[in-house]
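**Student:** Starting from these lines, generate the structure:
(one chain, ligands or ions: 2)
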Amino acid sequence: MKVVSIINLKGGVGKTTTAAIMAEALAEKYQKRVLIFDNDKQGNISRLFDLYNGEAVPGACIALKSRHLVPGTIKKTGIPGVDLVNNNYFMELSENEIRADQETKQHDRYKAALEEVAGQYDFCIMDNPPDLGINVINAIVATDEVIIPVNLDGYSLDGLEELAAQVKNIRVLNPKVRIAGCLVTDFEKSKYSEAAEIWLRTKSGLHIYTQRIRHYKKAKDATIEKKTITKYCIRCGAAQDYKKFMEEYMKGGK
Ligand SMILES: Nc1ncnc2c1ncn2[C@@H]1O[C@H](COP(=O)(O)OP(=O)(O)OP(=O)(O)O)[C@@H](O)[C@H]1O
Ligand SMILES: [Mg+2]
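**Tutor:** Ligands and ions are numbered 1, 2, ... in the order given. Now for the predicted structure:
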């Protein structure tokens, strides 16, 4: 099982959108067995697949606390071949509990839990929150590849260097983790976005996928209808872009 973490310290850059579309495409187009791991207390990807439950301790918290994916924590989505470990605001409490626990190791909890199901899936796609909390460090320790969705507007390139440095630091705990690449999302042509893209492609030192994802004006409507952009509007530019990105990703093995 390859563990792919979708991470950016910036919020609202398309992490959840990218994680969901990758999971669907891996299962539906590439016949892969996929586990989505919702590592964000907002539970957005759990909501998208109708598996959000604000009342019960979610699978991600159970995994973080127990180091196990106990029976019942892995839920079926409506998509054949795609299962999901859900999350909700209980994660905040779990993070505090883990931080307070000085007795046992803090950082390899997801790694231990995911190793239990490694034979059952080809990919685990982890959707992360926009921070570097203990659960995100746990995700990176369990990860083979990091994909960083980036927007080219405003301050959205801030934080990239910190994230790259953090991933490098975590190599002490997980030597195999690497940043596979950055994916430019929600792209709109402007003077600023052109300059930002040139910087990203020539100066950031990171691999930048050739394919970018165009802005899709009805993306919020798709979210409200609990559909990915690719399911909501097969022919729109962003859906086509994601399709091509997946081809690039699968071809490069990155
Ligand atoms: N290509 C796009 N064009 C226009 N809007 C988009 C595009 N991709 C995502 N969005 C919208 O941008 C918003 C943020 O996207 P998303 O939730 O995927 O970001 P995120 O990085 O996961 O955010 P957070 O940091 O809060 O978890 C959503 O409303 C989503 O529908
Ligand atoms: Mg998100």
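**Student:** what's the burial count for K29?
**Tutor:** Residues lying near K29 (other Cβ atoms under 10 Å) number 12. Using the backbone N, CA and C atoms, a C-beta is placed for each residue, glycine as well.
**Student:** was I right about it contacting M246?
**Tutor:** Yes - the pair K29 / M246 is scored as a contact, 6.9 Å apart, by Cβ atoms under 8 Å.
**Student:** Flag every buried residue along the lengthiest helix in the chain.
**Tutor:** For the chain, the helix that runs over the most residues, judged by DSSP state H, is helix 237-252. Of the residues in helix 237-252, A238, A239, Q240, D241, Y242, F245, M246, Y249 count as buried by neighbour count, 16 or more other Cβ atoms under 10 Å.
**Student:** and the residues you listed as CSV, adding pLDDT?
**Tutor:** Compiled in CSV, the buried residues of helix 237-252 are given as follows (pLDDT from 0 to 100):
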residue, pLDDT
A238, 98
A239, 98
Q240, 98
D241, 98
Y242, 98
F245, 98
M246, 98
Y249, 98
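**Student:** ok, which of these also contact ligand 1?
**Tutor:** Counting by Cβ under 6 Å from any ligand atom, A238 from these sit close to ligand 1.
**Student:** May I see the buried residues of helix 237-252 arranged in CSV, with distance to G14 as well?
**Tutor:** Formatted as CSV, the buried residues of helix 237-252 follow (distance: Cβ to Cβ, whole Å):
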residue, distance to G14
A238, 10
A239, 13
Q240, 16
D241, 11
Y242, 10
F245, 11
M246, 14
Y249, 15
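**Student:** so what's the closest residue to ligand 2 within the stretch 101-250 of the chain closest to, chain neighbours aside?
**Tutor:** Taking Cβ to the ion, ligand 2 has its nearest neighbour within the stretch 101-250 of the chain at D127, 5.9 Å off. Once flanking residues are discounted, D127 sits nearest to A19: 3.9 Å by Cβ to Cβ, 6 or more residues apart in numbering.
**Student:** pretty sure that neighbour contacts P129?
**Tutor:** No - look at A19 against P129 with Cβ under 8 Å: they stay out of range, at 11.8 Å.
**Student:** ok, these two, which is more surrounded?
**Tutor:** The residue with more neighbours, out of A19 and P129, is A19; 29 against 23, by other Cβ under 10 Å.
**Student:** what does the helix or strand encompassing that one contact?
**Tutor:** Assessed by DSSP states H and E, A19 sits inside helix 15-28. Residues from elsewhere that reach helix 15-28 (Cβ atoms under 8 Å, 6 or more residues apart in numbering): 4, 6-8, 32-34, 36, 40, 44-45, 48-49, 79-82, 122-123, 125-128, 130, 147, 149, 183, 185, 213, 219, 228-231, 242-243, 246, 249.
**Student:** Could you pick out the buried ones from those?
**Tutor:** 4, 6-8, 32-34, 36, 40, 44-45, 48-49, 79, 81-82, 123, 125-128, 130, 147, 149, 183, 185, 213, 219, 228-231, 242, 246, 249.
**Student:** Fine, thanks again, bye for now.
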